[in-house]
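>>> Test case, fold it:
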Amino acid sequence: MPPHEGGRRFSEEFRVRLADTYADGTLRLDAAARFLQDVATDDWDDTGIGDEDTWVVRRTAMRVVAGGAWPRFKDRITLETWCGGFGAAWAERRTNFYFEGRLQIEASSLWVPIDERGVPGRLRESFFDVFGEALNGRKISGKIPVLELDSLAQRQSWPLRHADLDIVGHVNNAAIWQAITEVIDEGVTEVAVMHHGPVEAGHVVELAHAPGHVWLVVDGEPRVSCLYFT
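Got it, this is the predicted structure:
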């Protein structure tokens, strides 16, 4: 979905660094997820709305467009982001990856605002003051489908690290994508990660996978699920 011509758009340049790539020099999925997170944060800070809420991601999907490709080591890429839809207590953020002016990857994320107590809240009026025109009245569902855990999935331990945790005490979204890269190597054309519950310090986490699917499991319950295509 292209951005609404009259609405707010925000762009930022990133360079693919050594720590962002697979061994073959291709941008890793978790690095792409971190770029999405960073450009969203910088857009929010640039609005001047303030720090009333912290936004957490519930779903992120990325796909390589026809004729596109994943960026590579030392590429300078531009991410353009805008809000593409909203609900009572969530909003969709769209982001395009460009290399040398050509669209390479499209991304869509569902974000939820939480207050200082960690409680989700409704979108504030200040949000609509800034992003309302870009939304163009487009409402979206906040439902996150759960991919049923395959009983035949292979399982392995995924120990948590201090570096995985963020300021709200959860394993950060980009760290979740690092777990996904344990299963998915290069060659992904489309991928979606859905968060069904928090993964936190002290959790004993299993990484389960079957062809086209990945799960992070805590106490037998999928907390994160992933669907991908190559």
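>>> Just the strands from the chain, written as ranges.
Remark: strands assigned in the chain by DSSP state E are 10-15, 54-64, 76-86, 91-99, 102-114, 154-157, 190-195, 205-210, 213-218, 221-229.
>>> who wins for proximity to residue 135 among these?
Checking the strands of the chain against residue 135 by Cβ to Cβ gives strand 76-86 as the closest, at 5.4 Å. Just so you know, the C-beta spots here come from the backbone N, C-alpha and C atoms, and that holds for glycine as well.
>>> how far is the closest one from where the chain is centred?
12 Å (Cα atoms, centre = their mean, to the nearest Å).
>>> got the angle between that strand and strand 10-15?
150 degrees (axes from the mean of the first three to the mean of the last three Cα atoms, to 10 degrees).
>>> about what we covered before: output the strands of the chain in JSON lines; the columns should cover distance to residue 168, mean neighbour count and mean pLDDT.
As requested, these are exported to JSON lines (distance: least, Cβ to Cβ, whole Å; neighbours: other Cβ atoms under 10 Å; pLDDT from 0 to 100):
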{"stretch": "strand 10-15", "distance to residue 168": "23", "mean neighbour count": "15", "mean pLDDT": "96"}
{"stretch": "strand 54-64", "distance to residue 168": "6", "mean neighbour count": "19", "mean pLDDT": "91"}
{"stretch": "strand 76-86", "distance to residue 168": "21", "mean neighbour count": "20", "mean pLDDT": "93"}
{"stretch": "strand 91-99", "distance to residue 168": "18", "mean neighbour count": "21", "mean pLDDT": "95"}
{"stretch": "strand 102-114", "distance to residue 168": "7", "mean neighbour count": "19", "mean pLDDT": "93"}
{"stretch": "strand 154-157", "distance to residue 168": "24", "mean neighbour count": "10", "mean pLDDT": "94"}
{"stretch": "strand 190-195", "distance to residue 168": "12", "mean neighbour count": "20", "mean pLDDT": "95"}
{"stretch": "strand 205-210", "distance to residue 168": "18", "mean neighbour count": "18", "mean pLDDT": "94"}
{"stretch": "strand 213-218", "distance to residue 168": "17", "mean neighbour count": "21", "mean pLDDT": "94"}
{"stretch": "strand 221-229", "distance to residue 168": "15", "mean neighbour count": "19", "mean pLDDT": "93"}
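>>> now the ones you listed as a markdown table including distance to residue 135?
Converted to a markdown table, the strands of the chain look like this (distance: least, Cβ to Cβ, whole Å):
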| stretch | distance to residue 135 |
| --- | --- |
| strand 10-15 | 15 |
| strand 54-64 | 16 |
| strand 76-86 | 5 |
| strand 91-99 | 8 |
| strand 102-114 | 13 |
| strand 154-157 | 41 |
| strand 190-195 | 22 |
| strand 205-210 | 36 |
| strand 213-218 | 31 |
| strand 221-229 | 27 |
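>>> and residue 173, which of these is closest to it?
Closest approach to residue 173 among the strands of the chain (Cβ to Cβ): strand 54-64, 4.9 Å.
>>> Would you mind giving the domain segments of the protein?
Following automatic domain parsing, one gets these domains for the chain: 10-135, 154-229.
>>> Distance to residue 142 added to those, as TSV?
Shown next, in TSV, are the domains of the chain (distance: least, Cβ to Cβ, whole Å):
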stretch	distance to residue 142
domain 10-135	4
domain 154-229	12
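>>> right, and these - which one's nearest residue 2?
Taking the domains of the chain one by one with Cβ to Cβ, domain 10-135 is closest: 8.8 Å.
>>> Does residue 81 touch residue 37 like I think?
No - look at residue 81 against residue 37 with Cβ atoms under 8 Å: they stay out of range, at 10.8 Å.
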